[in-house]
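A.B. asks: can't give you the sequence, but here's the structure:
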DNA sequence: ATGGTAGATCCTCTA
């Protein structure tokens, strides 16, 4: 492929849909509103043979990298452009469908393509002590393994995107109440440290925070456990969904958005999509 | 201090 044929703009969306089959009309709405080139999904909750592949191909996404299982987890990358080197990765010795990656062409990358990683980090249960809560121990081990993999197998010169539901809100402004949330899983110091180590592995750039200052509250998730539109009025949110890039793509960052409206699309996912625009400098 | 809701599914688990 000559460089003239490569796409000069790449819009990448990520969304924890909490059941892709239930959220199909929402996906159509997101596509109409945002026109992404690549869509990363988490919590698809469906085996690959039952994934709504035909409908999404009809809507413009014939290239699909799927890693799904029954009832739980499940990730997918959908693309307008061909996907190469699709990898389904397992962590902590579990085939639990939390990571899929693929390469997509992009003129703004020094390598002519971007390696996109779609990740769903374990939530970690309720008790923030790995000694008594195996789910939290699993979450920390998972973050550690992903960190070690990027350290060993990739470098900061590789043009990459790491996006998905990381289930960690790292900054004080990523939660509605930093002090209260510091004892609540998603915002405990030990998780934040593990996420920071993963971020350091290949010097990931937190793209959202290059557009929204770290001092400003920014959320992508609001609990279901509130009545009606209380999620909106009380705004007790967290930033659990992230879109990270490596340095070779830094100059291509052209825009970022949390599609907050989508949290109100009935029946909603508890997560809102995030969208990054990369434009060839 | 507690429980609040949602989704898939085997009637409980995970979030």
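C.D. replies: Alright, I've got the coordinates. Model, not experiment: these values are computed from the prediction.

A.B. asks: how many residues are close by residue A:203?
C.D. replies: 13 (other CB atoms under 10 Å). Any C-beta I mention is one placed from the backbone N, CA and C, and that applies to glycine too.

A.B. asks: these two touch, right, it and residue A:156?
C.D. replies: Yes - in this structure residue A:203 lies within contact range of residue A:156 using CB atoms under 8 Å: 4.4 Å.

A.B. asks: any residues in contact with both of those two?
C.D. replies: Listed as contacting both residue A:203 and residue A:156 by CB atoms under 8 Å, 6 or more residues apart in numbering are A:246-247.

A.B. asks: burial of residue A:188, as a residue count?
C.D. replies: 19.

A.B. asks: any idea of the pLDDT on it?
C.D. replies: Note on residue A:188: pLDDT of 98.

A.B. asks: leaving out sequence neighbours, find the closest residue to it.
C.D. replies: residue A:128 (4.7 Å; CB to CB, 6 or more residues apart in numbering).

A.B. asks: what residues are up against the one you found?
C.D. replies: The contact partners of residue A:128, by CB under 8 Å, 6+ apart, come to A:136, A:183-185, A:188, A:190.

A.B. asks: mind jotting down where the strands sit in chain A?
C.D. replies: Along chain A, the segments classed as strands by DSSP state E run A:9-16, A:38-42, A:63-67, A:75-79, A:84-88, A:99-105, A:113-120, A:160-165, A:205-206, A:221-222, A:237-238, A:241-245, A:253-258, A:274-279.

A.B. asks: residue A:177: which of the ones you listed is closest?
C.D. replies: Ranking the strands of chain A by proximity to residue A:177 (CB to CB) places strand A:237-238 first, at 10.1 Å.

A.B. asks: pLDDT of the closest one, averaged?
C.D. replies: Strand A:237-238 comes out at a mean pLDDT of 98.

A.B. asks: now check it, is it near DNA strand B?
C.D. replies: No - shown here: strand A:237-238 not in contact with DNA strand B (CB under 7 Å from any atom of the strand), separated by at least 11.4 Å.
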